[in-house]
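# predicted model and sequence follow; I will ask about them next.
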Amino acid sequence: MMFRIPLLALPLAAVLAASACDQRAAAADPRVAGPPVPEGADLVVEDTTPRITHMPMPPIVRGLYVNRWAALGAKMNQMIELAKTTEVNALVIDVKDDRGFVLYRSKVPLARQIGADTNSPMSAARVRAMLDTLRAHDIYAIARIVVAKDPLLADKRRDLAIKRRSDMQPWLDKNGKPWLDAHQRAVWQYAADLGKEAWDLGFSEVQFDYVRFPDEKRLIRESVFPLAQGRSRAQVIRDQLGFTRQQLRANGIPMTIDVFGLTATDSTDMGIGQKWEMFVDMADAVLPMNYPSHFAPGTYKIPNPNARPYATIDNAMKDVRRRTAPVKGAGRIIPWYQDFTLGPPRYGVAEVRAQMQAGYDNGYFDWVLWNPGSRYTVAALRPKSALEEGLRDLRADSVRRAAAARRADSVRRVDSTRRADSLRASPRQ
């Protein structure tokens, strides 16, 4: 069903109050018939305007990705049931997917102009019912919004697309699709506007994905970026994330970002503009996509990282901690884990839980599972009691790490004192 959300809606109390003022004016005018309003009488009008409440980010986040079609169909009910009966307490729902389509009819002008909200949009009533249901069951609702991979916008607004060096026409990826140019401020403004709208509807967090350039080596050779102005790709992404975060922060909206899993290990920007130290402090939480199948053979000296999920995630999370520690104001780390099969072995309970355990062993008790079809290994999910267990483990781990930091600091101070004493005791030349 297609519908239009009114751009402006007066609160019911305001409408009734205005009506009451009209009644007073009418009563004071002898030419207007109607019952008089006693002088000095107060009219008390109950404000029945619906109030949108937002959940704070849970102390431990354990979530599932819900694609747009799953959200629109009966599978959404299955996702809610899983969150009601297992340790899952968050759902990451596609609000704008990587084809550029928005989940529901939008008030954002650009979305309306390009028809982003016309592909089987969710009805207003269903959006309200879905978010109310999630809130009633303490399920944290996260709005996923894809930023740079938006072929719909890139085709409709070619001025915002990456251009080929040869003819200044839109550059096309290996699938023949155009990408938005991450240098373009309007691209990020569109994402921010959709994020604010999702918040106003009742989502409790806005998560941006594809905050990067395309991951194809030929991009640099074939394309031109007139707005770079001497900046590196990593600096551009940092600048744009800062702009977007400032807009959301002004409205009190938590902002999180998805990034490549290998960014915590690779010391470069990987050609996509994602360099760990340059984005990890640009969001309230950073979600590295740590899918073992996406790590090249030989990474961490593991011949087939996909076949050794525990070892792969163990190494990846150690790099995450090492690279994050020196960065002031770094966001919370919530890793994505793999619940799909891409090459041998077939992923099931053992493989999914191995990733989780590797995270726990490194002090990371949050996770979100990714399956592109939103089909999950239910048996890998523990009961609700696992959340309380996780909280206890998180507190214990924090105490251990604080004690270790104090010991290390004490050793450094003693060593510094010894060096100073040694210098004072040495004879002058």
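Nice, thanks for sending it over.

# all contacts plus neighbour counts: C-alpha atoms, from now on.
OK.

# and the gap between Ala198 and Leu103?
Using C-alpha to C-alpha, to the nearest Å, Ala198 is found at 10 Å from Leu103.

# identify the contacts common to those two.
Counting by C-alpha atoms under 8 Å, 6 or more residues apart in numbering, the shared contacts of Ala198 and Leu103 are Val95.

# more neighbours, the two?
Set Ala198 next to Leu103 and count neighbours by other C-alpha atoms under 10 Å: Leu103 wins out with 27 against 23.

# got phi/psi on the most centrally placed residue in the chain?
In the chain, the centroid-proximal residue (C-alpha atoms, centre = their mean) is Gln207; its distance is 1.7 Å. The phi/psi pair for Gln207 (degrees, to the nearest 10) reads phi -120, psi 120.

# now the one 5 residues further on
Taking degrees, to the nearest 10, you get phi -170, psi 180 for the backbone angles of Arg212.

# repeat for Phe101
phi -90, psi 140.

# phi, psi for the closest residue to it other than its chain neighbours please.
For Phe101, ignoring the flanking residues on the chain, the nearest one in space by C-alpha to C-alpha, 6 or more residues apart in numbering is Ala116 at 4.7 Å. Dihedral pair for Ala116: phi -70, psi -20, per degrees, to the nearest 10.

# on that earlier part again, now do the contacts for the residue nearest to the centre of the chain.
Here Gln207 is in contact with 142-145, 255-258 (C-alpha under 8 Å, 6+ apart).

# hmm, try it at 7 Å
The contact partners of Gln207, taken as C-alpha atoms under 7 Å, 6 or more residues apart in numbering, are 142-145, 255-257.

# before we move on, what about Phe213?
182, 272-273.

# tabulate those residues (CSV), appending pLDDT.
Compiled in CSV, the contacts of Phe213 are given as follows (pLDDT from 0 to 100):
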residue, pLDDT
Ala182, 98
Ile272, 98
Gly273, 98
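
# give me the buried positions along the helix or strand where Met79 lies.
Using DSSP states H and E, Met79 sits within helix 75-85. Buried residues in helix 75-85, counted by 16 or more other C-alpha atoms under 10 Å: 75-76, 79-80, 82-84.

# the closest residue to Tyr347 other than its chain neighbours: neighbour count?
Using C-alpha to C-alpha, 6+ apart and skipping the chain neighbours, the partner closest in space to Tyr347 is Thr341 (5.3 Å). Using other C-alpha under 10 Å, Thr341 has 13 neighbouring residues.

# so where is the protein shaky, pLDDT-wise?
For the chain, applying pLDDT under 70 flags the ranges 1-50, 420, 425-429.

# and it, what are its domains?
Following automatic domain parsing, the chain resolves into domains at 1-49, 62-382, 384-415.

# so which of these is the most surrounded?
Ranked by average neighbour count under the criterion mean count of other C-alpha atoms under 10 Å, those are headed by domain 62-382 at a mean of 19.

# shouldn't the residue nearest to Phe101 be in contact with Arg99?
No. Using C-alpha atoms under 7 Å, Ala116 makes no contact with Arg99, being 9.2 Å away.

# ok so, going back, name the nearest of the buried residues of helix 75-85 relative to Thr417.
Lowest distance from Thr417 to these (C-alpha to C-alpha) belongs to Ala83, with 54.5 Å.

# find the nearest non-adjacent residue to Arg68, please.
Per C-alpha to C-alpha, 6+ apart, closest to Arg68 is Asp94, 5.1 Å.

# need the three-state assignment for the one you found.
The three-state assignment at Asp94 reads strand, by DSSP: H, G, I helix; E, B strand; the rest coil.

# identify the bridge partners of it.
Asp94 has the following beta-bridge partners by DSSP bridges: Arg144.

# Ala141 sits in which helix or strand?
Ala141 belongs to strand 140-146 when assigned by DSSP H and E.

# angle of that strand against helix 75-85?
Taking axes from the mean of the first three to the mean of the last three C-alpha atoms, to 10 degrees, one finds that strand 140-146 is oriented at 140 degrees with respect to helix 75-85.

# on that earlier part again, so which of the domains of the chain is nearest Met55?
Between Met55 and these, the tightest spacing by C-alpha to C-alpha is seen for domain 62-382, at 5.7 Å.

# all strands for the stretch 151-300 of the chain, in order.
All strands of the stretch 151-300 of the chain, identified by DSSP state E, counting those that start in this stretch, fall at 163-164, 205-209, 223-224, 255-260, 285-289.

# got the angle for the longest one vs strand 285-289?
Relative orientation of strand 255-260 versus strand 285-289 (the same axes, to 10 degrees): 20 degrees.
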